[in-house]
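Enquirer: give me the fold of what follows.
(chains A, B, C and D)
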Number of protein chains: 2
Amino acid sequence: MKGFKIPEATISRLSVYSRYLESLYRKGITTVSSADIAQGVGVTSAQVRKDLAYFGEFGTRGVGYNVKELLDHTLKILGLNNTWNMVVVGAGNLGSALCAYRGFRERGFYIVGVFDNDLTKIGKKINEYEVLPIDHLEEVVRENNVEIGIIAVPAAYAQDVATRLVKAGVKGILNFAPTVLNIPDKIIVRSVDLTVNLEVLTFNIRRD
Amino acid sequence: MKGFKIPEATISRLSVYSRYLESLYRKGITTVSSADIAQGVGVTSAQVRKDLAYFGEFGTRGVGYNVKELLDHTLKILGLNNTWNMVVVGAGNLGSALCAYRGFRERGFYIVGVFDNDLTKIGKKINEYEVLPIDHLEEVVRENNVEIGIIAVPAAYAQDVATRLVKAGVKGILNFAPTVLNIPDKIIVRSVDLTVNLEVLTFNIRRD
DNA sequence: GACTGTGAAGCCATTCACAGCT
DNA sequence: AGCTGTGAATGGCTTCACAGTC
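Expert: Modelled structure (predicted):
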């Protein structure tokens, strides 16, 4: 196959497959079928095969996939064959939680700076990170080849921070503020909106 | 219209429209067009009209929508005409951040209990909440009509917590652990997976 | 003239079903 | 016999374009 129009949903699932393959690999399992993966992550086997087919032919008919090989392929596809440096803007509760989150490091994501504009927070330590004044943002981004910025500030400041991150040179933004960000198309944005998620939940509960 | 098969994406957008309408309402704006909303939240005006049309005819041709009226309708649709009680399981960094998050209360979501199984955390205060032992979960859920459970524990414990939340009687779960949960179909689940989001970001950055 | 509500068209994603390989 | 890879069919969501209303 190796076509070009790849569904966004396929990428999300690939990330989940990848994590699942890692768990199989750690258990010492060497071969896996699309049906096994499907079962493990809650999708159909046809979906798994289709998703993988966008990127090549990784399996062997009659046998399945080699776990280690497929794991390496998925990591490569997702851009995880090298590590990524990130900055976190906002040293409140959410920013602190993100700094402490182990899952990032396990997948090759490293936080290299935490910023705030609140003078009472600057200089304080969060985990191993010292909170820096926001004016140092550009410098840290440049010196550490930071490509990802995480926005963990209140909605009112999110647009300013986004503009600033873009100017500093990040290529992607993970936004936790409940606002639509206005930034150039070439910058990739993903928003994690907690109340939207809760409200989809309440809608679905109420119609039961 | 008022058909039945409503896209999940429509509900997510409705939540965003609702928040945007609230901001217009606070600014004293009384009338709004689908094009205005579209512009404000980053979608097309046809999309806005289609989304709203699933639930009724709320506008006036040639004029637009009454902000307050449409806001009330969206809130009602999302199930926000009354408040919701929630429990948080996991009093680590993420659990603490969620307890401190103001955005929940603003939309009518109230946390009525925070739980952990770590004896060193039990009894400690997080914001105004005292961390309770996990054995009290069922009791608190029952006594407070809790319908939503938030899972903020490490992946390894997530399935156990989910099973326990379901047994305690919650109707929906917001899951922050990077695992697929195995629970009955009638329980609504939304997963917020941070590394999946980051990996979709890195995929898109790398292919630029 | 302005803007909504909605069938129809177009596009995208998932599922089916089977040929092809081991 | 078992399992992958994929064209074809299906289903779902978004965009178009315009009739209907103010």
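
Enquirer: hmm, who's touching the host helix or strand of A:Leu201?
Expert: Per DSSP states H and E, A:Leu201 falls inside helix A:194-207. Defining contact as C-beta atoms under 8 Å, 6 or more residues apart in numbering or on different chains, one finds that helix A:194-207 is touched by A:176, A:178, B:8, B:11-12, B:14-16, B:18-19, B:77-80, B:84, B:98, B:101, B:103-104, B:107, B:109, B:147-148, B:171-174, B:188, B:190, B:192. Just so you know, the C-beta spots here come from the backbone N, C-alpha and C atoms, and that holds for glycine as well.

Enquirer: any idea how far that helix is from the middle of the chain?
Expert: Put simply, helix A:194-207 sits 23 Å off its chain's centre (C-alpha atoms, centre = their mean, to the nearest Å).

Enquirer: and it, which residues are buried?
Expert: Neighbour counts over helix A:194-207 (16 or more other C-beta atoms under 10 Å in any protein chain shown) mark A:194-206 as buried.

Enquirer: so is that helix next to DNA strand D?
Expert: No: against DNA strand D, helix A:194-207 shows no contacts by C-beta under 7 Å from any atom of the strand, the least distance being 12.3 Å.

Enquirer: render the CA-only coordinates of that helix in PDB, please.
Expert: Taking C-alpha atoms only, helix A:194-207 is exported to PDB below (Å, rounded to 0.1, in the frame of the first residue of the first chain):
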ATOM      1  CA  LEU A 194     -10.800  18.100  30.200                       C
ATOM      2  CA  THR A 195     -14.200  19.600  30.400                       C
ATOM      3  CA  VAL A 196     -15.000  18.700  26.800                       C
ATOM      4  CA  ASN A 197     -14.200  15.100  27.700                       C
ATOM      5  CA  LEU A 198     -16.400  15.300  30.800                       C
ATOM      6  CA  GLU A 199     -19.300  16.800  28.900                       C
ATOM      7  CA  VAL A 200     -19.200  14.100  26.200                       C
ATOM      8  CA  LEU A 201     -19.400  11.800  29.100                       C
ATOM      9  CA  THR A 202     -22.400  13.500  30.700                       C
ATOM     10  CA  PHE A 203     -24.200  13.700  27.300                       C
ATOM     11  CA  ASN A 204     -23.800   9.900  26.900                       C
ATOM     12  CA  ILE A 205     -24.800   9.100  30.400                       C
ATOM     13  CA  ARG A 206     -27.900  11.200  30.200                       C
ATOM     14  CA  ARG A 207     -29.200   9.700  27.100                       C
END
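
Enquirer: can you tell me the centre-most residue of chain A?
Expert: A:Leu174 (7.6 Å; C-alpha atoms, centre = their mean).

Enquirer: name the residues that touch the top helix by length along chain A?
Expert: Scanning chain A for the longest helix, with DSSP state H as the assignment, gives helix A:8-26. Outside of helix A:8-26, the residues within contact range by C-beta under 8 Å, 6+ apart are A:32, A:37, A:40-41, A:43, A:47-48, A:50-52, A:54, A:67-68, A:70-71, A:74-75, A:77-78, A:80, A:107, B:178, B:180, B:193, B:195-196, B:199-200, B:203-204.

Enquirer: so of the residues you listed, which ones are in strands?
Expert: Using DSSP state E, the members of the contacts of helix A:8-26 that fall within strands are A:Val32.

Enquirer: and the residue of chain A most remote from its centre, which helix or strand is it part of?
Expert: Distance from the C-alpha centroid of chain A, by C-alpha atoms, centre = their mean, peaks at A:Gly62 (34.1 Å). Here A:Gly62 is covered by no helix or strand, with elements defined by DSSP H and E.

Enquirer: residues in contact with it?
Expert: By C-beta under 8 Å, 6+ apart, A:Gly62 has no neighbours at all.

Enquirer: what residues does chain A have near DNA strand D?
Expert: So chain A meets DNA strand D at A:1, A:33-35, A:45-46, A:49-50, A:52-53, A:57-65 (C-beta under 7 Å from any atom of the strand).

Enquirer: please spell out the PyMOL selection for the buried subset of those residues.
Expert: Here is the PyMOL command that selects the buried residues among the residues of chain A next to DNA strand D (16+ other C-beta under 10 Å):
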select buried, chain A and resi 34+49+52+59+64+65
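
Enquirer: could you check the pLDDT of A:Asp36?
Expert: Note for A:Asp36: predicted pLDDT of 98.

Enquirer: what's across from the closest residue to it other than its chain neighbours in the sheet?
Expert: Using C-beta to C-beta, 6 or more residues apart in numbering or on different chains and skipping the chain neighbours, the partner closest in space to A:Asp36 is A:Gly64 (7.5 Å). Under DSSP bridges, the beta-bridge partners of A:Gly64 are A:Thr60.

Enquirer: quick one: contacts for A:Gly64?
Expert: Contacts of A:Gly64 by C-beta under 8 Å, 6+ apart are A:Thr31, A:Val32, A:Ser33, A:Ser34, A:Asp36.

Enquirer: so A:Thr163, which state does it fall into?
Expert: Of the three states, A:Thr163 takes helix according to DSSP: H, G, I helix; E, B strand; the rest coil.
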